[in-house]
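J.: just to be clear, the model below is a prediction. Sequence and coordinates:
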Amino acid sequence: MQTANKPGTIVDVQGQQDERQVAIDKVGVKDVTYPMILRTRDGKTQTTTAKINMYVALPHHQKGTHMSRFLEVLNDHQSEPLTPDRIPEVTKAIRDRLNAETAHFEASFTYFMCKKAPVTEMAGLMDYEVTFECERNGSDETSSFIIGVAAPATSLCPCSKEISEYGAHNQRCRISARVKFDGMLWVEDLIEILESAASSPVYAVLKRPDEKYVTEAAYDNPKFVEDIIRDLALSLDGDDRITWYEIDSENFESIHSHNAYAQITRDKSES
């Protein structure tokens, strides 16, 4: 039974008891637009705008979480750039401020990398989808941190090449990976690993000599979606920094009305 409030006080509805006995895995705020500063592999920095999600686990006995506190935590840290190495610190602050067992922080943003054409070496900016995910549990002073990258590339069909008298159908593909790692892993490192699994990378700027090179390189390196995902898995298996991965590839078919897809998840600690 709820007691009367003292004069001048405001009811804390979220903090009240809930009788349904149903715990919630994640509750919080989504799509918070916020600036981030990233260090790049060449020693420079890059400013971007991220979409941020912040959640906590809610116990079965608590009616609701305090949504405003997520934004309080985020803005408490605005005196310094929100860089990736500070994300575990922010995640811990969310857990502590909301008195939660588990806290989650997710940031998704566009990352730009300067990439030279293969023959003329003309430079152009390529854009990639990147995510950072962090989870902090209980009194554990370590965090689970995941980097995710999605990269466009080219795939050329081995079957089409084999059965056609000339040419072969190819298509754009989207290769993505979410990885846990030890040590230092740059976004650029993961981008290059993803692109190396395709028939050919794609580029922002291509002149005719570059187009000739890319077209012929893909023709000489045909891959099914299964080939892409297996080659990517072998590359990540051979990288001692990677401890866990979830990878997929989707080929946007050029002569079919459907797409081809493949996915692999592996925890290397279990092998």
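T.: Noted; the coordinates are in hand. These figures come from a predicted structure and were not determined experimentally.
J.: and stretch 77-85, what's its mean pLDDT?
T.: Stretch 77-85 shows a mean pLDDT of 82.
J.: could you do stretch 24-34 as well?
T.: 95.
J.: CA atoms only: put that stretch into PDB for me.
T.: Output of stretch 24-34 as PDB, limited to C-alpha atoms (Å, rounded to 0.1, in the frame of the first residue of the first chain):
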ATOM      1  CA  ILE A  24      13.800  -7.300 -17.900                       C
ATOM      2  CA  ASP A  25      17.100  -8.000 -19.600                       C
ATOM      3  CA  LYS A  26      17.500  -4.600 -21.200                       C
ATOM      4  CA  VAL A  27      15.700  -1.300 -20.600                       C
ATOM      5  CA  GLY A  28      16.900   2.200 -21.300                       C
ATOM      6  CA  VAL A  29      17.200   4.800 -24.000                       C
ATOM      7  CA  LYS A  30      17.900   4.400 -27.800                       C
ATOM      8  CA  ASP A  31      19.100   6.600 -30.600                       C
ATOM      9  CA  VAL A  32      20.800   9.300 -28.600                       C
ATOM     10  CA  THR A  33      22.700  11.500 -31.000                       C
ATOM     11  CA  TYR A  34      26.100  12.300 -29.600                       C
END
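J.: give the buried residues for the helix or strand of the chain with the lowest mean pLDDT.
T.: Scoring the helices and strands of the chain by mean pLDDT, DSSP states H and E places helix 158-163 at the bottom, with a mean of 90. Across helix 158-163, burial judged by 16 or more other C-beta atoms under 10 Å covers residue 161. For glycine as for every other residue, the C-beta is placed from the backbone atoms N, C-alpha and C.
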